[in-house]
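Asks: When you get a sec, could you give me coordinates for this:
(one chain, ligands or ions: 2)
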Amino acid sequence: MNNIHSSSNLLNEQTETIKRNYRGQDYPVKVLQIGEGNFLRGFFDWMIHECNKQGNFQGSIVVTQPRPSGKGMIEKLANQDCLYTLMIRGLQNGAKIEHKEIIPVFAGALNPYEEWKEFLALACSPTLEFIVSNTTEAGLSYQTLPWKDGEPIESFPGKLTAFLYRRYVHFNGDPKKGLIMLPCELLEKNGDILKRYVLQHSKDWGLPLTFMEWVERDNLFLNSLVDRIVTGFPEKEAECLFSKWGYRDLLLNTAEPYHFWAIEGNPELEKKLPLRKSGLNVQWVKDLAPYQIRKVRILNGSHTLMALLGILSGMDTVGEWVSQSESNQFLRETVDNEIIPTLAFDRKEIMEYAESVFERFMNPFVQHRLADISLNSISKFKVRLLPTIESYYEKNQKLPDNLIRAFAALIRFYQIEKMEDGYIGFQFNGDSYVVKDHEQVLSFMCERWSQFKKNELSLQNLIKQFLGNDLFWDKDLNQIDGLSSSIYEELKEMI
Ligand SMILES: NC(=O)c1ccc[n+]([C@@H]2O[C@H](COP(=O)([O-])OP(=O)(O)OC[C@H]3O[C@@H](n4cnc5c(N)ncnc54)[C@H](O)[C@@H]3O)[C@@H](O)[C@H]2O)c1
Ligand SMILES: O=P(O)(O)OC[C@@H](O)[C@@H](O)[C@H](O)[C@H](O)CO
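Replies: Ligands and ions are numbered 1, 2, ... in the order given. Next up, the predicted model:
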């Protein structure tokens, strides 16, 4: 590892203080981290630092990149002696928090595509206990790949299989040397998926059955749900912050104070990974589903509603929406009266959760662009808001007014025209915005709205075709009593 004073100037007084006090980096390596992105550095690595500060974990991490093209980050890390600054900023219980800290948890940074031997050598470490990953939804995918001895394997599940096999061979299948996998990719049942891919690779590569049994029996692949808005390098303010601090950090990361991690696993695992003991907002749960539903329906559902109605009304960010009393009130009413009553949760607990979500939306430091959230809005609406409309109807035998407005906004949002370089929609004031979705979705909507414009299709029929399209929905939504007529009333006004 590079000397702490080597390259980046990050490392003057602050790091000297860390060195004097304690260096998490000097603890034995207990974790292999696959993924060097913003999220893990603002979430898991910060958590391990919190555990270490309190003397609860006493372990360090070796971080690796999950794809060949992510090269720069590992080099940057190595150049900074594997240190980086994390700024946590926002509101917590109404109070403003601004906290900056250098995170010293990485004992090393490896590029497995250039240091394959070193990568596999780590599998033989007796102190290793965990493998954590976040490679985006795209990284947690299965690809049929060859495995040639001595050559790095490109995919994340493939690399993990080779790593586990090396460990199995080195320790002669010792049941006590199994590892705990903690995938953080935002996919339901992420642990189960990862295990399935490891076993599939093992089959493809003809690895011994006894290895596969060891994988199943002596290793744990835990499903988990992560939640924290991590906003990465603050381009606009970075130089200003560096001159204030007196050092530069090319890996500076920013995050909100809120954090939550639900892990489907035995609470006894706290003995190995003392997250709760270290005061972190972590739950070991039997069933992850309620936590997933809570987050998707309240947080992500609100995001999608704000993106649709907000963009149409000329807004740019979540912050803008919540700072205007009328739109903020609309959102709160929707969550309190339409979303929460459909969720089978303890009322007090869920209200507290919703309150914490509103507080996060109001974080003045987070510039969350509605345009980014609006990507693939129809499929997001299906998962985030439609289930609430259906549950509300089942419970009350009527439709929820605000969510019907959001549904009408969805159709209005996709009132689009094809331009040379993509599709654009028009705000209520006539200004244009870009709509990003799959080509099939965009061309369907573009065509229907063009027919409407030429008086070849009535608004009622346009809605009917939209609700009945099996490209968007798993069933014909025209079957929901009153849905199409309620949407019609709202949409008529919007256009
Ligand atoms: N940033 C957040 O606020 C936040 C919050 C919760 C969940 N997440 C999820 O975490 C994921 C990563 O976000 P981030 O902010 O760290 O982004 P990032 O761009 O900083 O990091 C992405 C990481 O994924 C890897 N990666 C990207 N494509 C890959 C592929 N095809 N195969 C293997 N690895 C690949 C990159 O190498 C990098 O390590 C996102 O999918 C997001 O949904 C992010
Ligand atoms: O990342 P997406 O595009 O699926 O969704 C946009 C946001 O809703 C999402 O990123 C949330 O901010 C995140 O899920 C919070 O943990």
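Asks: what residue is smack in the middle of the chain?
Replies: With distances taken as C-alpha atoms, centre = their mean, residue 186 lies nearest the centre of the chain, 5.1 Å away.
Asks: What about the closest residue to ligand 2 within the chain, how many residues nearby?
Replies: Going by C-beta to the nearest ligand atom, ligand 2 is nearest to residue 303 of the chain, at 3.9 Å. Just so you know, the C-beta spots here come from the backbone N, C-alpha and C atoms, and that holds for glycine as well. By other C-beta atoms under 10 Å, the residues close to residue 303 number 23.
Asks: what sits up against whichever helix or strand it is part of?
Replies: Here residue 303 sits within helix 301-312, counting by DSSP states H and E. Applying C-beta atoms under 8 Å, 6 or more residues apart in numbering, the set of residues contacting helix 301-312 from outside is 315, 318, 320-321, 327, 330-331, 334-335, 339, 357, 361, 370-371, 373-374, 377, 380-381, 384-385, 388, 402-403, 405-406, 409-410, 412-413, 425, 427-428, 433, 494.
Asks: going on from the helix or strand containing residue 461, what's the next piece of helix or strand?
Replies: Using DSSP H and E, residue 461 sits in helix 459-467. As assigned by DSSP H and E, the chain's next helix or strand after helix 459-467 is helix 483-494.
Asks: Show me what that following helix is packed up against.
Replies: Contact here means 3 or more C-beta pairs under 8 Å, 6 or more residues apart in numbering; DSSP states H and E; on that basis helix 483-494 packs against helix 401-413, helix 459-467.
Asks: and the ones you listed, which is most packed in?
Replies: Across the helices and strands packed on helix 483-494, averaging neighbours per residue (mean count of other C-beta atoms under 10 Å) puts helix 401-413 on top, at a mean of 22.
Asks: quick one: contacts of the next helix or strand after that helix?
Replies: Tracing the chain C-terminally past helix 401-413 and defining elements by DSSP H and E, one meets strand 416-419 next. With C-beta under 8 Å, 6+ apart as the test, strand 416-419 has contacts from 423-425, 435, 442-443, 445-446, 449-450.
Asks: Let me have these in TSV, extended by secondary structure.
Replies: Output for the contacts of strand 416-419, formatted as TSV (DSSP: H, G, I helix; E, B strand; the rest coil):
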residue	secondary structure
423	strand
424	strand
425	strand
435	strand
442	helix
443	helix
445	helix
446	helix
449	helix
450	helix
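Asks: Just the buried ones out of the residues you listed, please.
Replies: Buried subset of the contacts of strand 416-419 (neighbour count, 16 or more other C-beta atoms under 10 Å): 423, 425, 435, 442, 445-446, 449.
Asks: With distance to ligand 1 and pLDDT added, can I get those residues in TSV?
Replies: What follows is the buried ones among the contacts of strand 416-419, written out as TSV (distance: C-beta to the nearest ligand atom, whole Å; pLDDT from 0 to 100):
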residue	distance to ligand 1	pLDDT
423	24	98
425	24	98
435	20	97
442	22	97
445	25	98
446	28	98
449	31	98
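Asks: which parts of the stretch 251-400 of the chain sit against ligand 2?
Replies: Contact residues, the stretch 251-400 of the chain versus ligand 2 (C-beta under 6 Å from any ligand atom): 300, 303, 373, 375.
Asks: mind redoing it with 5 Å?
Replies: Residues of the stretch 251-400 of the chain lying close to ligand 2 (C-beta under 5 Å from any ligand atom) are 300, 303, 373.
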